[in-house]
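Peer 1: Next one to model:
(2 chains)
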Amino acid sequence: MDDQSLVRMENIHKYFGYVKALQNVSLDLHSQEILGLVGDNAAGKSTLLKILAGFYIPEKGQIFLEDNRVEINKPIAARNLGIETIYQDFMLCPKLNIIKNIFLARELTKWGFMGKLRKRDMEKEARRVLKECGFNMSVRLRVSNLSGGQQQTVAIARALLHPPKVILMDEPTASLSESAIDRFLNVVKELKRKGCSIIYVSHRLPAVLEVADRIMVLRGGKKVAVKQKTETNVEEIVGLMMGKIHA
Amino acid sequence: MEVLNGVLNRIKRIMAVKESGIVLAMLFLILILSLISPRFFTVDNLLNIGRQTAIVGIMAVGLGMVMIAGNIDLSIGSIYGLGALITALILKVTTNTALALCGGLIVGLVIGICNGLLVVKIKMPSFIATFGMMYVTRGIALIITLGYPITLLLEGVTLDSHPGFYFLGQGLLFNKIPMQFFFMIMIMLVAAYILHETIFGTHIFSVGSSERASFASGINVTRVRFLTYIISGVLSSGAGILAIAFIGSILPTAGQGLEFEVFAAVIIGGVSMSGGEGSIFGIFIGSLIFGIIRNGLVLLGIGPFWQVFVIGIITIAAVAYDSLTWQKRQERVISA
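Peer 2: Numbers count the residues shown, from 1 in each chain, chains lettered A, B, ... in the order given. Reported below is the predicted structural model:
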């Protein structure tokens, strides 16, 4: 156990039929830290992230947030705990406009579930949060009319609507151009500066090494190492991922 | 010049609204039929179209919600029939109007719950689940009646003994507006509020647009889809009640094929086959177009066989239009 832990996942096991996706994996995320989570295909990094996001329920294991044991059995439970996720495919509703996507499941109304939507307030808030992300287009555009980079900005804005404690990023640069990746990495650093803790999953090791404070390596559903950024390099991480180096 | 530009921009904005196409189509139909038949554009005939549209319009609201949420409900015609039948049976046995209305609506509620459970809990494809329920519901109607019609007037439920009941189907508000049309408008106003102004409505659209994204956002996808089936079931049986209150007699096969007419009205109204798109205004116009075509064909003396043919052609055209515009939208997304 780590005294600085904001999030702690202990002895997580996850099976998909006969496939052991995660075996006894533990993870610590410190306050205002970026933890890089790396591994080869099928290493279990996305599965681990989706368990914390409430997308999957583990067969065994416990999750703690600020030393309190928490049950995250669906995505809304994670969001209510201040854990937001930016997915690889953004998880946006293409036929809805930007405002509705940003406020999805957190709409503002006058009197609850069947109350009238406060559309003007939502539009104003959506504009504000998108402006913070450097987006200057109309918030009434449908998401299906946006480019990949713009959709990602909407996904980030959705995560930042109510300042979260933790942001989970699953391959966030997978569909971005090189210049867009640079901009995105600056956003990640800025989020950390504002007090967010981030788990950053990516195949792009240089990007991970650029933003992460620590790097956790998974292989075949098992945790093989956790390294301080200052004490490692790309070659060592690749070696750990491939099983050529043992921690 | 500025005024002209302003007007042109306003027209462009109106034309950009998805429903503008079907509104124009409806106006065009009205114009053509008014020129061909002098009896078409009269107050009485227009109100008659409103009444004729009501059954399809009310059911189209429920089916529209199910389809916007990304599913289908093929059982609505059978629910309509069984709802009317149960209402008639309870009236026949108890002569209690309130009990009969509740019984009829409960039929829709129960079948809606069954549809919802099959689709969201057992995870059956909605087409198969509601196709099966269509036959189950029809079978119940045939078993109960042994295939015979129920004629309320012959059972002592007359206009004199039950004026309130018959007013629901035959009554005229302010001696002019058919009650069925009034019910349709009221239901559509409430549905428009729910669909376009509330969280629940937003979630219906989001679930139809992307089930995964909705789930990841924290929306209870199961609850949203389940509720749309309940709404569809209750509205269908409600439409059946209005029908029996209008005709006073019901066949156990009533509503057979009606689901496809409702489906056509919903599609003409711009509800996307792939879910996530549509509006109550569009459904209203789609239902009206349907009623106008039927009425126009009758006024022009075109036989019922040709009516079926024309409705089929219009449905194909509407689905083809939806399919083609969907492909274009996909191409735009891919090239973005």
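Peer 1: which non-adjacent residue is nearest the residue of chain A found nearest chain B?
Peer 2: Using Cβ to the nearest Cβ, the closest approach of chain A to chain B is made by residue A:76 at 3.1 Å. All C-beta atoms are positioned from the backbone trio N, CA, C, and that covers glycine. Nearest residue to residue A:76 in three dimensions, chain neighbours excluded: residue B:218, at 3.1 Å (Cβ to Cβ, 6 or more residues apart in numbering or on different chains).
Peer 1: picking up where we left off before, name all residues that make contact with the residue of chain A closest to chain B.
Peer 2: A:54, A:105, B:217-220 (Cβ atoms under 8 Å, 6 or more residues apart in numbering or on different chains).
Peer 1: repeat that with 10 Å
Peer 2: A:54, A:105-106, B:215-220 (Cβ atoms under 10 Å, 6 or more residues apart in numbering or on different chains).
Peer 1: picking that back up, tell me the pLDDT of the residue nearest to residue A:76.
Peer 2: What the model reports as pLDDT for residue B:218 is 90.
Peer 1: Could you verify my assumption that it touches residue A:106?
Peer 2: Yes: in this structure, residue B:218 is within contact of residue A:106 by Cβ atoms under 10 Å, at 7.9 Å.
Peer 1: tell me, what's touching the two both at once?
Peer 2: Shared contacts of residue B:218 and residue A:106 (Cβ under 10 Å, 6+ apart): A:76, A:79-80.
Peer 1: Now render those as CSV, adding pLDDT and secondary structure.
Peer 2: Below are these laid out as CSV (pLDDT from 0 to 100; DSSP: H, G, I helix; E, B strand; the rest coil):
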residue, pLDDT, secondary structure
A:76, 90, helix
A:79, 92, helix
A:80, 92, helix
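Peer 1: now, which of those sits nearest residue B:77?
Peer 2: residue A:76 (36.8 Å; Cβ to Cβ).
Peer 1: Can you tell me the number of residues neighbouring the closest residue in space to residue A:67 that isn't next to it in sequence?
Peer 2: Nearest residue to residue A:67, sequence neighbours excluded (Cβ to Cβ, 6+ apart): residue A:5, at 7.3 Å. Other residues near residue A:5 number 19, with proximity taken as other Cβ atoms under 10 Å in any protein chain shown.
Peer 1: per-residue confidence at residue A:5?
Peer 2: 85.
Peer 1: Next one: it from residue A:65, what distance?
Peer 2: 9 Å (Cβ to Cβ, to the nearest Å).
Peer 1: Likewise for residue B:141?
Peer 2: 55 Å.
Peer 1: Compare these two and say which one has the larger neighbour count.
Peer 2: More crowded of residue B:141 and residue A:65, by other Cβ under 10 Å: residue B:141, with 25 against 20.
Peer 1: Leaving out sequence neighbours, find the closest residue to the more buried one.
Peer 2: residue B:252 (4.4 Å).
Peer 1: In this model residue B:146 seems to touch that neighbour, though I could be wrong.
Peer 2: Yes: under the criterion of Cβ under 10 Å, residue B:252 is in contact with residue B:146, at a separation of 8.4 Å.
Peer 1: Helices along the stretch 151-300 of chain B, start to end?
Peer 2: B:163-170, B:179-197, B:199-209, B:211-217, B:221-247, B:258-268, B:280-299 (DSSP state H, counting those that start in this stretch).
Peer 1: on contacts alone, who are the packing partners of the lowest-mean-pLDDT helix or strand in chain A?
Peer 2: Every helix and strand of chain A was ranked by mean pLDDT, DSSP states H and E. The lowest is helix A:178-193, at a mean of 85. With contacts taken as 3 or more Cβ pairs under 10 Å, 6 or more residues apart in numbering or on different chains; DSSP states H and E, helix A:178-193 sits against strand A:34-39, helix A:148-160, strand A:166-170, strand A:197-201, helix A:205-211.
Peer 1: please redo it, this time with the cut-off set to 7 Å
Peer 2: Helices and strands touching helix A:178-193, by 3 or more Cβ pairs under 7 Å, 6 or more residues apart in numbering or on different chains; DSSP states H and E, are strand A:197-201, helix A:205-211.
Peer 1: The last one - what's its average pLDDT?
Peer 2: Same thing as helix A:205-211. pLDDT averaged over helix A:205-211 gives 90.
Peer 1: I'd like to know which elements that helix is packed against.
Peer 2: Under the contact criterion of 3+ Cβ pairs under 7 Å, 6+ apart, helix A:205-211 touches strand A:34-39, helix A:178-193, helix A:234-242.
Peer 1: I'd like those as CSV, with mean neighbour count appended.
Peer 2: Converted to CSV, these look like this (neighbours: other Cβ atoms under 10 Å in any protein chain shown):
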stretch, mean neighbour count
strand A:34-39, 25
helix A:178-193, 16
helix A:234-242, 16
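Peer 1: Okay, buried residues for stretch B:48-59 please.
Peer 2: Buried residues in stretch B:48-59, counting neighbours by 16 or more other Cβ atoms under 10 Å in any protein chain shown, are found at B:49-59.
Peer 1: Just the buried positions in stretch A:57-69, please.
Peer 2: Going by 16+ other Cβ under 10 Å, stretch A:57-69 has these buried residues: A:58, A:61, A:63-65.
Peer 1: follow-up on the earlier one: format the contacts of residue A:76 as CSV; extra columns: distance to residue B:84 and neighbour count.
Peer 2: CSV is the format used below for these (distance: Cβ to Cβ, whole Å; neighbours: other Cβ atoms under 10 Å in any protein chain shown):
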residue, distance to residue B:84, neighbour count
A:54, 45, 24
A:105, 39, 19
A:106, 43, 16
B:215, 38, 21
B:216, 42, 26
B:217, 40, 24
B:218, 40, 17
B:219, 35, 23
B:220, 33, 16
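Peer 1: Would you point out which residue is most central in the chain?
Peer 2: Just going to use chain A. Nearest to the mean C-alpha position of chain A, by Cα atoms, centre = their mean, lies residue A:168 at 1.5 Å.
Peer 1: To clarify, I was referring to chain B.
Peer 2: Centroid check for chain B by Cα atoms, centre = their mean gives residue B:60 as the closest residue, at 1.6 Å.
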